[in-house]
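**Student:** structure, please.
(chains A and B)
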Amino acid sequence: DQQVKQNSPSLSVQEGRISILNCDYTNSMFDYFLWYKKYPAEGPTFLISISSIKDKNEDGRFTVFLNKSAKHLSLHIVPSQPGDSAVYFCAASGGGSNYKLTFGKGTLLTVNP
Amino acid sequence: DVKVTQSSRYLVKRTGEKVFLECVQDMDHENMFWYRQDPGLGLRLIYFSYDVKMKEKGDIPEGYSVSREKKERFSLILESASTNQTSMYLCASRVGGTGQIQPQHFGDGTRLSIL
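**Tutor:** As a prediction, this is how the structure comes out:
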């Protein structure tokens, strides 16, 4: 039972345009959501997070939007840069455990110059 | 900056061997985690430890055990390695406690091949 879903395995955008990565979840007990970025041969690095009491969090070029009624969150990257090319993982915590993160399968973002 | 160090980047072992993967963090974090990453499956939690000598099973603990004798070190043990344990293994740590988002910080991973 996949509780965090990233339905797009890959996404390709042009440099300077907006990248939108999507994530859906099924467990209504999740109360924190995080995005991680992963380059090949490196570990995931934390990017941005959002609590379920908010619907938007912004950090520079990165904005995460949360729609609790739809159980959907998205990561917007504006403007996209070639160095943003990586795998992006959506993760959720809560749902009965204060320790665990449940990850999606990831979306490979390619930003073309 | 948080530093999570995994002892090996690449490791090749034989079926049936006992394999130890080591992870050390330098930020006095209470919580530590072991994941494996496989193509198309994302990150799956094997075991985690919320404090010294404390451990809990994650989603896929079968065939693995862990040890946490010191706060900074968390070891993953493959009791009898099998080919289906060939994978990328990732260690992570985070500050303990709840009430706010505490991101996990990851090491660079160990790519383990079981022949």
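**Student:** helix or strand: which one has the residue nearest the centre of chain B?
**Tutor:** Note on chain B: the residue nearest the mean C-alpha position is B:Trp34, at 2.4 Å, using CA atoms, centre = their mean. Per DSSP states H and E, B:Trp34 falls inside strand B:31-38.
**Student:** next: B:Glu17.
**Tutor:** Per DSSP H and E: B:Glu17 is located in neither a helix nor a strand.
**Student:** spit out the contact partners of B:Ser113.
**Tutor:** B:10-13, B:86 (CB atoms under 8 Å, 6 or more residues apart in numbering or on different chains). (Each C-beta comes from the backbone N, C-alpha and C, glycine too.)
**Student:** same question, A:Ser28
**Tutor:** With CB under 8 Å, 6+ apart, A:Ser28 has these contacts: A:Lys71.
**Student:** do the same with B:Ser7
**Tutor:** B:Ser7 touches B:21-24, B:110, counting by CB under 8 Å, 6+ apart.
**Student:** what of B:Tyr89?
**Tutor:** So B:Tyr89 contacts B:6, B:21, B:34-37, B:76, B:109-112 (CB under 8 Å, 6+ apart).
**Student:** 6 Å instead, please
**Tutor:** B:Tyr89 makes contact with B:21, B:36, B:110, B:112, according to CB atoms under 6 Å, 6 or more residues apart in numbering or on different chains.
**Student:** now do A:Asn112
**Tutor:** A:Asn112 makes contact with A:Gln14, according to CB under 6 Å, 6+ apart.
**Student:** distance check, it against A:Pro82.
**Tutor:** For A:Asn112, the distance to A:Pro82 (CB to CB, to the nearest Å) stands at 8 Å.
**Student:** next one: B:Gly109
**Tutor:** B:Gly109 is 23 Å from A:Pro82, by CB to CB.
**Student:** the two - which one has more neighbours?
**Tutor:** B:Gly109 (23 against 10; other CB atoms under 10 Å in any protein chain shown).
**Student:** and the pLDDT for the more buried one?
**Tutor:** The score at B:Gly109 is 95. That number is its pLDDT.
**Student:** repeat that for B:Gly96.
**Tutor:** 77.
**Student:** need the nearest residue in space to it, chain neighbours excluded.
**Tutor:** B:Glu30 (3.0 Å; CB to CB, 6 or more residues apart in numbering or on different chains).
**Student:** for the one you found, grab the count of nearby residues.
**Tutor:** With other CB under 10 Å as criterion, B:Glu30 counts 17.
**Student:** that older thread, mind giving me the ChimeraX command for buried ones among the contacts of B:Ser113?
**Tutor:** Buried residues within the contacts of B:Ser113, by 16 or more other CB atoms under 10 Å in any protein chain shown, are selected in ChimeraX with:
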select /B:11,13,86
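**Student:** narrow the contacts of B:Ser113 to those in strands?
**Tutor:** B:10-13 (DSSP state E).
**Student:** list the buried residues in the strand or helix carrying A:Glu58.
**Tutor:** In the assignment (DSSP H and E), A:Glu58 maps to strand A:56-59. Within strand A:56-59, the residues that count as buried by 16+ other CB under 10 Å are A:Asn57.
**Student:** hmm, B:Ala92 and B:Gln25 touching each other?
**Tutor:** No - between B:Gln25 and B:Ala92 no contact is recorded; they are 8.7 Å apart, counting by CB atoms under 6 Å.
**Student:** count residues in the vicinity of A:Glu42, would you?
**Tutor:** Neighbour number of A:Glu42 under other CB under 10 Å is 13.
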